[in-house]
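Undergrad: I need the structure of the sequence given here:
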Amino acid sequence: MVGHSLRAALLVTTMIVGASGTSAYAQAVNPTPADESETIIVTGSRIASPLLESASPLQIVDQAAIQSTGAANVQDVLLQNPVFGTPAVSRTNSNFSTSGAGLATIDLRNLGTSRTLVLVDGRRFVSGSPNDQAVDLNSIPTSFIERVDVLTGGASSIYGSDAVAGVVNFIYRKNFQGLEANVQRGISERGDDSKQQYNLTIGANFNEGKGNIITYAGYSKDGSVLSQDRARSAIDQGSLGGLSTGDVGDLFTLIKPNFSSFAPQGRFFNAPGATAGTFDANGNFIPGFSINGTPTRAADGYNRSAVRTIAVPVERFLLATRANYEVAPAINVFVEGTFAKSHVTTQLEPFAISSAGTNGIFQGTGGFFNVEQRLPGGAIYVNPFVPAALLATLTDNTGDGLRDVSFTRRLTDIGNRTSTADRTTYRVVVGVEGDFAKGWHYDAFFNYGRTDDNQTGTGQVNLFNFRAALAVVPDANGNPVCQDVNARSQGCVPVNIFGANTLTPQQAAYIRADSNRQAFASQKDVGANISGSLGDYWGAGEIGLAAGFEYRKESSSASFDALSQAGQNGGNAIPNTRGSFDVTEGYGEIRVPLLTDRPFFHALELRGAARVSKYSSIGTVYSYNYGAEFSPVADIRFRGVVARATRAPNVSELFQGASQTFPTGIIDPCIGVTATTAGTLGTTCRSFAGVNANIAANGGAFAVTQPDAQGISGFDTGNPNLKQETADTLTAGVVINPRSINALRNFTVTVDYSKTRIKGAIVSTPRQFILSQCFQQGNQGFCQFVTRRPAPEGANSAGSLQFINSGASNSGGVYSSSIDVTVGYHQSLDTFGLKGNVNMSVAYTHLLDGYSIPLPGAPIDYFAGEVGASRDRFLATVGFSTGAFSLEYRGTYIGKAYLDDQFVAQLTDTDPVSGVDRGPVDRHDPRVKIAPKFYSDLQAKFGAGDHYEFYVGVNNLFDVTPPPIYSGLPGDTTGAETDSGTYDAIGRRYYAGVRLKL
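TA: Now for the predicted structure:
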């Protein structure tokens, strides 16, 4: 039996592919009505209709569009569409992620992943990121997708929480008969980013057509891309303005090299902030330390980019199946299953350890530990690992009469830091559907999904063991041993940190500490829907009605090893987080045709929907929508929807403990402050004792070093008292399909205006905003979240920022408005006496405005026009096919952008001649602009008989390089020297494959 939802899939596919057989992005326009016995359900409504039309903007990505990209992961396809923003997580921006490396998420309208609802066949899909509500598209089998519906605008009244920016609905293939297989391999022009994928789909009817089963199996593997293999990122570099001077004129002035001061040979301090020296390649002690070198001295610093990764390798194995069987004329049973397993590895530079600092070994002593020990009887024992030349420079800094030292060091002896994530997701849906009475349809389902995410990490250390291993005394035979008796009984091994690669395998093994994380997310979802017609009472058409209920429970947990929880492995302190919530919901929807086939009223109808949801976490919330569609003539349709959408807080936002982070792109507002700087800024900065010491130590003006800029930490916390977000959205537009004009009947254009305003947005107050409020506005309530170092600690200066803490609250507001335009045209060349078909489409988005408000009454924080949210973006495709040959070109444009306005507001603008600050820098100043980029992709396909198809393709045809966004600038992806979530950081890539259809 071909079920209700199955008929929808078949009709939609037919309508959007058209005559050419190739397609990109299509709008749901007003096509020729289907047979009256056939009805379809379009994403955004649960009322069946004989027409493929939507009151909200709806773009459709069909299977041909997916295949024309050569992508193994559907995320790569969707991100070319301008309605999508930069993803929170992808394989090119997650190498440094503590838990989400290699995930593939999507974000409509740059409003956040959590505000985009992802569905499969109109039903929810379990999160791929435990404690969040982010679906991992690695778990969606690309070759099993019939089409993707991308609906923009609030849709909570139809689908529930999270549908604030819109809905992305993946429609799986159904009623397939036969066999399809394909093999594809690819590689970048530089010999990396190797790709391979293998897909097999088999389907058949059984029991005289009453049932159908379709099964898919697939495997894909994406190779890595290392920072050292791209010229722009092979050597550590940074922005002079972003990391040091804070001046707009220096933003794109490179510090190159910009090596790390944490070097394998170590850097040793004999007094707070005073460098004693380091060691050369032969193990000889040399005084001083030059991070990037001088004309007379080689660089002592370390090139982290030699090890970092731009694109992490991802390996996926997927299984999917769907079966349906007609038990009786009104009972059609269906089952759907998905299994996905992914393996992701990351690699970054060896661990940087400090005896001082935020996560240092000896935090209570300013990082100083004794290299001498007083033995019973009063004799002084000197650590034999300390070279005499270094020992001669050391003094007593802690007042116990013994010489001590502080250090920083890169632990190359232990090896690179790596993490391995093994994620398994499975989802099973069972249900029943059918028709009853006349024109009424029902469905009921149970949906269960679970993601298990097990991660291990290497390259970090056990600070307890390290601390014990640095206190050395002689044993009875005069050999060095650990001072602590209990530590010795547990296998303590004294360590030699004085020089490069001085740790023996035994020493390294004692202080090494692998990390682990075990997490899961589960979803239980049960629901039922009915839809049908109340009748046609005035000749305008059937009044449609839909109603239903849904119960859903979300549970998740993330547990870390003990050292990670305590922050005693030198890295972030990350607490365990677990929690759950459930929700019971009911909804109703109605569509009322008012007029049809009247002068100037070809069609006029109203629609509305409402939903009530009762959460265990936040109580009862309401959402609704109402809208209208009006066609004065058959060729033009106006549409508009007003909606109230909601989003409930997720487990992480509700229950997360204090989790440590190391934010980037922070500018210290105290830079340049002197002992006489007047006003709120000067007074507040000097109220911190460490700032005064810094001013005195730096020639009369506060300054920060590279370790200071990169040594800022802080803690993020959840909030169990959070309430829902509430969004008011508006979409209004026109669909033009001039079918009455023969020359234009294959031409369609849509223009839509979209507006979203979110109140009570769940936000963690931006750290730059906290600094601005404290130091420039004098708001002492914010100063409590800021900690500065009162004195020098290791490589960090007195007065430098140590912690900026933030937490979740319903204090924010978000606004976004945009205009979307789509144009489509397909034409058979037979009309002109030629062979073949031409297919063209354009999807364009202009972001009118977009901003967030961190707190009520706070200044606006713009994101529209900034990196990752360019005001202008478009995707254009042109396809040609004739016989067994087809060629498709895809062009993607990302418009100009500017650096983050909160960052820009902290910059100075120093006149290069007079040295006078010329005042605030405008957020659209050309000196903070990032140039636009245009990427070209090309694919050619060749048919060989009835069953084989060969294809070749190239992505980034002209090898367009990404814009430089250096370390120290907002938007930089560490290791890529650009925003590799927005721009192509890999370069030209080739692929080829073959498909078999039987």
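
Undergrad: show me the contacts for Ser772.
TA: By Cβ atoms under 8 Å, 6 or more residues apart in numbering, Ser772 lies in contact with 669, 902, 905-906. Every C-beta, even on glycine, is put in place using the N, C-alpha and C of the backbone.

Undergrad: Confirm that it sits in a helix.
TA: Yes - Ser772 sits within a helix when classified using DSSP: H, G, I helix; E, B strand; the rest coil.

Undergrad: I'd like to know which of the contacts of Ser772 is nearest to Arg423.
TA: Of all these, Arg423 sits closest to Gln902, with 34.1 Å by Cβ to Cβ.

Undergrad: Can you verify that closest one is assigned to a helix?
TA: Yes - remark: Gln902 belongs to a helix, assigned using three-state DSSP.

Undergrad: ok, now which ones touch it?
TA: If you count contacts by Cβ under 8 Å, 6+ apart, Gln902 has them with 766, 768-769, 772, 861.

Undergrad: hmm, back to that, would you point out the most distant pair within the contacts of Ser772?
TA: Using Cβ to Cβ, the contacts of Ser772 span at most 11.1 Å, a distance reached by Pro669 and Gln902.

Undergrad: who does the helix or strand where Gly203 lies touch, helix- and strand-wise?
TA: Assessed by DSSP states H and E, Gly203 sits inside strand 195-206. On a contact count with 3 or more Cβ pairs under 8 Å, 6 or more residues apart in numbering; DSSP states H and E, strand 195-206 meets strand 178-188, strand 211-222, strand 989-997.

Undergrad: C-alpha coordinates for it, PDB please?
TA: Provided in PDB are the C-alpha atoms of strand 195-206 (Å, rounded to 0.1, in the frame of the first residue of the first chain):
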ATOM      1  CA  LYS A 195      37.400  11.200   1.100                       C
ATOM      2  CA  GLN A 196      35.700   7.900   0.400                       C
ATOM      3  CA  GLN A 197      32.100   6.800   0.600                       C
ATOM      4  CA  TYR A 198      30.300   3.600  -0.200                       C
ATOM      5  CA  ASN A 199      26.500   3.400  -0.300                       C
ATOM      6  CA  LEU A 200      24.000   0.500  -0.900                       C
ATOM      7  CA  THR A 201      20.200   0.800  -1.000                       C
ATOM      8  CA  ILE A 202      17.900  -2.200  -1.600                       C
ATOM      9  CA  GLY A 203      14.100  -2.100  -1.600                       C
ATOM     10  CA  ALA A 204      11.300  -4.500  -2.500                       C
ATOM     11  CA  ASN A 205       7.500  -5.000  -2.300                       C
ATOM     12  CA  PHE A 206       6.100  -8.100  -0.700                       C
END
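
Undergrad: So that it lines up with my notes, have the first residue be 635 from now on.
TA: Sure, I'll start numbering at 635, so the last one becomes strand 829-840.

Undergrad: partners of that strand in the sheet?
TA: Strand 829-840 has its sheet partners listed here by DSSP bridges as strand 812-822 (antiparallel), strand 845-856 (antiparallel).

Undergrad: quick one: which of those strands is nearest Thr1526?
TA: Nearest of the strands paired with strand 829-840 to Thr1526, taken as Cβ to Cβ: strand 812-822 at 17.6 Å.

Undergrad: hey, where'd the strands end up in the stretch 1035-1184 of the chain?
TA: Taking DSSP state E, counting those that start in this stretch to define them, one finds strands in the stretch 1035-1184 of the chain at 1038-1044, 1051-1070, 1074-1095, 1106-1108, 1114-1116, 1146-1169, 1177-1194.

Undergrad: Would you mark the buried spots in the fifth one?
TA: If I follow you right, that is strand 1114-1116. Residues of strand 1114-1116 classed as buried: 1114-1116 (neighbour count, 16 or more other Cβ atoms under 10 Å).

Undergrad: List the residues that contact Asn918.
TA: Neighbouring residues of Asn918 by Cβ under 8 Å, 6+ apart: Ala1023.

Undergrad: Look up how far Arg1044 lies from it.
TA: Applying Cβ to Cβ, to the nearest Å, the value for Asn918 to Arg1044 is 18 Å.

Undergrad: what do you get for Glu960?
TA: Applying Cβ to Cβ, the value for Glu960 to Arg1044 is 67 Å.

Undergrad: quick one: which of these two has more around it?
TA: Counted by other Cβ atoms under 10 Å, Glu960 and Arg1044 do not tie: Arg1044 has more neighbours, with 23 against 19.

Undergrad: List the beta-bridge partners for that one.
TA: Ala986.

Undergrad: Please tell me which one of the contacts of Ser1406 counts the most neighbours.
TA: Neighbour counts for those peak at Gln1536, which has 24 neighbours (criterion: other Cβ under 10 Å).

Undergrad: got any ranges where the chain has weak pLDDT?
TA: Residue ranges of the chain with pLDDT under 70: 635-673, 684-686.

Undergrad: so Ser679 makes contact with Ser688?
TA: Yes - the pair Ser679 and Ser688 passes the contact test of Cβ atoms under 8 Å, sitting 7.4 Å apart.

Undergrad: now the strands of the stretch 1035-1184 of the chain in a markdown table, with distance to Arg1524?
TA: Supplementary listing: those in a markdown table, determined by distance: least, Cβ to Cβ, whole Å:
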| stretch | distance to Arg1524 |
| --- | --- |
| strand 1038-1044 | 44 |
| strand 1051-1070 | 30 |
| strand 1074-1095 | 32 |
| strand 1106-1108 | 64 |
| strand 1114-1116 | 63 |
| strand 1146-1169 | 34 |
| strand 1177-1194 | 37 |
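
Undergrad: To Ser1614, which of those strands lies closest?
TA: That would be strand 1051-1070 among the strands of the stretch 1035-1184 of the chain, by Cβ to Cβ, at 18.2 Å.

Undergrad: And the closest one, what's buried?
TA: Within strand 1051-1070, the residues that qualify as buried are 1051, 1053, 1055, 1057-1061, 1063, 1065-1069, counting by 16+ other Cβ under 10 Å.

Undergrad: what do you get for stretch 1156-1173?
TA: So, applying 16+ other Cβ under 10 Å, buried residues of stretch 1156-1173: 1156-1159, 1161-1163, 1165-1167.

Undergrad: Contacts only, for Leu713.
TA: Residues near Leu713 by Cβ under 8 Å, 6+ apart: 721, 724, 740.

Undergrad: so who does the last one touch?
TA: In this structure, Ile740 makes contact with 709, 712-713, 718, 721, 747, 750, 752, 771, 802, judged by Cβ under 8 Å, 6+ apart.

Undergrad: ok, now Cys1319?
TA: By Cβ under 8 Å, 6+ apart, the contact set of Cys1319 is 1303-1304, 1307, 1311, 1325, 1336, 1409.

Undergrad: which one of these is nearest Gly1577?
TA: Distance to Gly1577 across the contacts of Cys1319 (Cβ to Cβ) is lowest for Pro1303, with 63.9 Å.

Undergrad: shouldn't the closest one be in contact with Gly1412?
TA: No - at 11.7 Å, Pro1303 does not count as touching Gly1412 under the criterion of Cβ under 8 Å.

Undergrad: Next, the residues that contact stretch 1140-1154 from outside, please.
TA: The contact list for stretch 1140-1154 (Cβ under 8 Å, 6+ apart) reads 733, 764-765, 1047-1048, 1053, 1084-1096, 1099-1100, 1103, 1125-1130, 1137, 1190-1195, 1197-1198, 1203, 1205.

Undergrad: Apply the buried test to those and list what passes.
TA: 733, 764-765, 1047-1048, 1053, 1084-1087, 1089, 1091-1096, 1099-1100, 1103, 1126-1130, 1137, 1190-1195, 1197-1198, 1203, 1205.

Undergrad: host element of Asp1342?
TA: In this structure, Asp1342 is located in helix 1340-1343 according to DSSP H and E.

Undergrad: What residues of stretch 1398-1414 count as buried?
TA: Going by 16+ other Cβ under 10 Å, stretch 1398-1414 has these buried residues: 1398-1410.
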